[in-house]
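In: Have a look at this prediction, sequence included:
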Amino acid sequence: MEYPNYNPQSDNRPLSDDELSDLDNLLAELPSDGAMNIEALDGYLAGLLLSPQPLAELPGAHWLPLVWGGDGEDGSNAPFASGKQKKKVMMLALRHLQSIAWQWQHKPELWEPIFSVAEVDDDEELTDAEDWALGFMSAVDLAQEAWAPLFEQHAALLAPMRVLGSDESELSEAERDDLADPHKRDEMSRAIMDAALALFAQRGK
């Protein structure tokens, strides 16, 4: 199966709640340990759009298979049950990608990243963007050399993504302590939205 490339002019209608749930379920049911959930996918697509490497120049075959944990080696549709199922996941993922790009460009106030929300004592809700950040850092891994200057230039903006989305062995003791604190995780998670929009605005300068 040929993989479509990112085309900013393609369908950018936001996925409905049912379509997002359907996409999440399709990915969750795949017999692949590396398949992303909807939160990781959302972060991955955001990272691709913010990458210094223009996504329109990156073949779809280079980044799409990471969404479902990679293709089978036998030329089949693995891990999908059929080519139709694989195409549906690709089309939904591409439309979600194009929707994010359109919102950032035209209506940034409409954009809401997909994070986990957990209730703690006293019915307090805390946000946890770890899965989103893991997806974001997967996009960074595709172009590490290109991203390196941005992590130096915009260290503060990228810190929430880096801390939440990195292996703990790569973090400082203070950063690991922050990860262990649900309120600190909530604070970092909530900073991601403004950070991503600020990084996108920087790209246009």
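Out: Perfect, I can see it now. Numbers count the residues shown, from 1 in each chain.
In: Excluding chain neighbours, what is closest to residue 190?
Out: Nearest non-adjacent residue to residue 190, counting by Cβ to Cβ, 6 or more residues apart in numbering: residue 127, 5.7 Å away. For the C-beta atoms, the positions are set from N, CA and C on the backbone; glycine is no exception.
In: likewise residue 183?
Out: That would be residue 126: by Cβ to Cβ, 6+ apart, it lies 6.8 Å from residue 183.
In: Which residues are in contact with that neighbour?
Out: 117-120, 182-183, 185-186 (Cβ atoms under 8 Å, 6 or more residues apart in numbering).
In: Highest neighbour count among those?
Out: residue 185 (22 neighbours; other Cβ atoms under 10 Å).
In: Just to be sure, residue 118 is in a strand?
Out: Yes: assessed with DSSP: H, G, I helix; E, B strand; the rest coil, residue 118 lies in a strand.
In: which stretches of this protein form strands?
Out: Remark: strands assigned in the chain by DSSP state E are 116-119, 125-128.
In: quick check: mean pLDDT across the lengthiest helix in the chain?
Out: When the chain is parsed with DSSP state H, its longest helix is helix 83-106. Mean pLDDT, helix 83-106: 95.
In: in it, what counts as buried?
Out: By 16 or more other Cβ atoms under 10 Å, the buried positions in helix 83-106 come out as 86, 89-90, 92-104.
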